[in-house]
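In: Next come a sequence and a model predicted from it.
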Amino acid sequence: MNSFFKALCLGTYALALAVPFVSLPLDAGPFLQKLALILLAAHILELPIAYRFLALYKGPLIDSVAMSLLFGLLHWQPLAKASKRSAQG
């Protein structure tokens, strides 16, 4: 299910970037661009909250930050859950 929502995020960003080059039906372009900006702003606001979990990612921190900007909670919540399980176990 997580992969499905990640694909939706990427699709939203891709369509918002394509708007200047492609005509979308129902004049959805401006709506998708606003939606992508709102998603990105929300994910930027999440960074200070999620930063302690982003460091738990098995890979470069910059990759984890980039994925958090793209996917937000979908990226860092599994890291937080894994951290909680390892602390309990």
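Out: Cool, the structure landed. Numbers count the residues shown, from 1 in each chain.
In: Tell me, what's the model's pLDDT at the residue most central in space within the chain?
Out: Centroid-nearest residue in the chain, with CA atoms, centre = their mean: residue 71, separated by 1.3 Å. In the prediction, the pLDDT value recorded for residue 71 is 96.
In: same deal with residue 76?
Out: pLDDT, residue 76: 93.
In: Tell me who's in contact with residue 29.
Out: When contacts are counted by CB atoms under 8 Å, 6 or more residues apart in numbering, residue 29 is found next to 19, 23. To be clear about C-beta, it is placed using only N, CA and C from the backbone, and glycine gets the same treatment.
In: Roughly how far does it sit from residue 10?
Out: Residue 29 is 17 Å from residue 10, where distance means CB to CB, to the nearest Å.
In: now swap in residue 52 and tell me
Out: From residue 52 across to residue 10, the span is 25 Å (CB to CB).
In: What of residue 46?
Out: Distance of residue 46 to residue 10, computed by CB to CB: 17 Å.
In: These two - which one has more neighbours?
Out: residue 46 (17 against 12; other CB atoms under 10 Å).
In: can you count the residues close to residue 23?
Out: A count of nearby residues for residue 23, using other CB under 10 Å, gives 9.
In: which phi and psi does it have?
Out: When read as degrees, to the nearest 10, the backbone of residue 23 gives phi -90, psi 120.
In: For the closest residue in space to it that isn't next to it in sequence, give me the pLDDT.
Out: Of all residues not flanking residue 23 in the chain, residue 29 sits nearest, at 7.6 Å (CB to CB, 6 or more residues apart in numbering). pLDDT for residue 29: 91.
In: again with residue 36
Out: 96.
In: do you know how far it is from residue 43?
Out: On the measure of CB to CB, residue 36 and residue 43 end up 11 Å apart.
In: Just want to know which of these two has more residues nearby.
Out: Counting neighbours by other CB under 10 Å for residue 36 and for residue 43 shows that residue 43 has the greater number, 21 against 18.
In: Which secondary structure element is home to the more buried one?
Out: Using DSSP states H and E, the element containing residue 43 is helix 29-54.
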